[in-house]
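Chemist: Kindly return the folded structure for what I paste below:
(2 chains)
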There are 2 protein chains.
Amino acid sequence: MSSINKASNASGAAMTPPLDPAPLAHGGDLGAARKRFPGAPEPFLDLSAGINPQPYPVAELPSDVYTRLPQPAALADLAAIAAKAYGAPSAAHVVPAPGSQILVAQTAFLLARGRAAVLAPTYAEHGRVAELAGHNVVEVAEVGQLADARIAIVVNPNNPDGRIVAKDALLALADRLRRRGGLLVVDEAFMDVGPEGASLSDQAEYDNIVVLRSFGKFYGLAGLRLSFAIAAESVAARIAAALGPWPVSSAAVVVGAAALADTPWKDRTRIMLAEAALKLDTCLAKAGLEIVGGTSLFRLVRTKEAAQLFQHLGENGIMVRRFPEHPSWLRFGVPGGENEWQRLETALASCARG
Amino acid sequence: MSSINKASNASGAAMTPPLDPAPLAHGGDLGAARKRFPGAPEPFLDLSAGINPQPYPVAELPSDVYTRLPQPAALADLAAIAAKAYGAPSAAHVVPAPGSQILVAQTAFLLARGRAAVLAPTYAEHGRVAELAGHNVVEVAEVGQLADARIAIVVNPNNPDGRIVAKDALLALADRLRRRGGLLVVDEAFMDVGPEGASLSDQAEYDNIVVLRSFGKFYGLAGLRLSFAIAAESVAARIAAALGPWPVSSAAVVVGAAALADTPWKDRTRIMLAEAALKLDTCLAKAGLEIVGGTSLFRLVRTKEAAQLFQHLGENGIMVRRFPEHPSWLRFGVPGGENEWQRLETALASCARG
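Modeler: Numbering: from 1, shown residues only, chains lettered A, B, ... in the order given. Take a look at the predicted model:
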């Protein structure tokens, strides 16, 4: 990400950065963890990815789930259920896709090349993919600095610090962008655990707002690859057209439809995750760590000993997320069962003592 | 597709067509079939999609297949296995993706806008997506007419007529394109049942050739959503970067790796499908139908009575593929078990009599 320009204000001229399609480091890579910590106890406790450790229970799938193409009627049903779940105006405003990541790319590629401004620091794939799509990418620190972009990107709640941009501020930004032909992309990957009423999913009538919703994180089913773009019908139709007639697997259609319609599970899970996040705070605070932000799916810690703590946790078979550009940060996902909590507490305590 | 220009020769000027992101009709839509033929006997026999009716047997999947993000090491293994299976130079030349359809879009969007020429008639999504990506799309009838395009698209073997463009001709075309900065995209969706040595997968060192390989058709696992782009390392890296770090589901990684490595199954299946296609020819010929082409996964029939035959088969619960722009064509996939053959034979016989 070092090739992306950092603008201290919106008027700063931005150079076209050289193309660097090299992959970024992400959480959830067990192979890399095993390589780095060959002596660690197994199984690894993976707290590096911000994914709900208590997944939505997948019922037995129909026998033709792998053989048959996803059915258009089932895809339409899934879009309708997602529209209801996310508060979008209608199914025609919702596009199912195989993971948010591909939607990040589709959105960037659908626009003529121009200035792309990312509210930073944030999930690095936005800047990388916008760059790949030929946009002139700048990172800005304030929402106001996004207004003169062709494409303005806000992750809300933000990853990894949990910062939330108020809905009013985003709508005002969208208004200013619209006057100049600009598009607002709001990545709501963690909005399932965000404040009520903060989502822009119900504002998809505006033709310059695209909301991205992840499925895998909150539902704990990241291996399924499912996400949704929520946008004005004309924009949604363009994104859907680029993805083609069979955008997601038949398994994703079946499981996604069941999970998104299960309001009692969602309500229980929001509470369960909020409690888990509180417990995680207690656990981290006990170890003397400063918590600087987060959501119910992860907490961000700042410490001068981040490198040592990462190493110590790794040697104890616990993966957390580092940030090469912010060496004092560590992000912790929430543990699942009692055994996982125990392992984390023990490892943190032994580090605090050591 | 009616908005795409049809060029009778390569020098014909092509207008930028209006954007029409409306979805195209495709095979495999059971819901549409039930709606159109409400009185048909169930289950429908779906011969509309060109998918192997005897799928690769899916073993029980690991318990974390839905919860865990696809692992980078497993994705790398899948690319290596696919490289070997398809004869690509190395894993770095292979990009896993969630279905060919998304690769069609990625390839089109990665190029600066220009003239896109499609060898026609063929699978209509190529033209539609190239148009959506802003290219100026023309359909041409001869390989030689593709040489002055920025992006030349050949489906090989072709769908639906099975036409095969010789490897030498494609390499000569790629040479001519390269001199003008043009790219050759070869969609080898049905190459698993194509002639030996006809694939361009082993020519991926050329930096202006992109080969698309489908997984779901030959392996009978269309619901899984898996495909591969095979291209020069630099091009493959760009496509991979646009798809992001988790391009396919964990299930697709596991099943794809097992199936692609199973050479005995592939060899048996190629023979089984060739025999089934022969049997289908016999069956169609008995009904007095003219077979104008195809592959071992489908046969194309031309008849003045296509509309009536489509109707008659539909009323008997058998779906075949129609082509709105070629009203005399019908495409038949190969039936699976004995019962399916029986149903097709009976329905064809009663139509011939009727």
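Chemist: max-length helix in chain A?
Modeler: Among the elements of chain A assigned as helix by DSSP state H, the one spanning the most residues is helix A:263-286.
Chemist: Could you pull out the buried residues of it?
Modeler: A:265, A:266, A:269, A:270, A:273, A:276, A:277, A:280, A:281, A:283, A:284 (16 or more other Cβ atoms under 10 Å in any protein chain shown). For glycine as for every other residue, the C-beta is placed from the backbone atoms N, C-alpha and C.
Chemist: same deal with stretch A:336-347?
Modeler: So for stretch A:336-347, counting by 16+ other Cβ under 10 Å, buried means A:336, A:340, A:341, A:343, A:344, A:345, A:347.
Chemist: List the contacts of it.
Modeler: Where contact means Cβ atoms under 8 Å, 6 or more residues apart in numbering or on different chains, the residues beyond stretch A:336-347 that reach it are A:45, A:47, A:53-54, A:279, A:283, A:286, A:312-313, A:316-318, A:335.
Chemist: could you redo the last one with a cut-off of 6 Å?
Modeler: Outside of stretch A:336-347, the residues within contact range by Cβ atoms under 6 Å, 6 or more residues apart in numbering or on different chains are A:45, A:53, A:54, A:283, A:313, A:316, A:318, A:335.
Chemist: want to throw the residues you listed into CSV with distance to residue B:164, pLDDT and secondary structure?
Modeler: Compiled in CSV, the contacts of stretch A:336-347 are given as follows (distance: Cβ to Cβ, whole Å; pLDDT from 0 to 100; DSSP: H, G, I helix; E, B strand; the rest coil):
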residue, distance to residue B:164, pLDDT, secondary structure
A:45, 53, 96, strand
A:53, 51, 97, coil
A:54, 53, 97, coil
A:283, 64, 96, helix
A:313, 57, 97, helix
A:316, 59, 97, coil
A:318, 55, 97, strand
A:335, 57, 97, coil
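Chemist: ranking those residues by neighbours, who comes first?
Modeler: Using other Cβ atoms under 10 Å in any protein chain shown as the contact criterion, the top neighbour count among the contacts of stretch A:336-347 goes to residue A:318, which has 26 neighbours.
Chemist: ok, what's across the strand from it?
Modeler: With DSSP bridges applied, residue A:318 shows beta-bridge pairing to residue A:45.
Chemist: From chain B, how far off is it?
Modeler: 16 Å (Cβ to the nearest Cβ, to the nearest Å).
Chemist: Next SSE downstream of the longest helix of chain A?
Modeler: strand A:290-295 (DSSP states H and E).
Chemist: so how far is that following strand from its chain's centroid?
Modeler: Remark: strand A:290-295 is offset 16 Å from the chain centroid, using Cα atoms, centre = their mean, to the nearest Å.
Chemist: Quickly run through the sheet partners of that strand, with directions.
Modeler: Sheet neighbours of strand A:290-295, with direction, are listed as strand A:298-302 (antiparallel) (DSSP bridges).
Chemist: Let me know the angle separating the partner strand from helix A:263-286.
Modeler: Comparing the axes of strand A:298-302 and helix A:263-286 via axes from the mean of the first three to the mean of the last three Cα atoms, to 10 degrees yields an angle of 20 degrees.
Chemist: Just the mean pLDDT for strand A:298-302, thanks.
Modeler: The average of the pLDDT scores along strand A:298-302 is 98.
Chemist: what's residue A:89 in contact with, if anything?
Modeler: By Cβ under 6 Å, 6+ apart, the neighbours of residue A:89 are A:204, A:205.
Chemist: Try it again at 8 Å.
Modeler: Shown in contact with residue A:89 (Cβ under 8 Å, 6+ apart): A:83, A:202, A:204, A:205.
Chemist: same deal with residue A:330?
Modeler: Under the criterion of Cβ under 8 Å, 6+ apart, the neighbours of residue A:330 are A:300, A:301, A:303, A:306, A:309, A:310, A:320, A:321, A:322.
Chemist: No further queries at this time; thank you.
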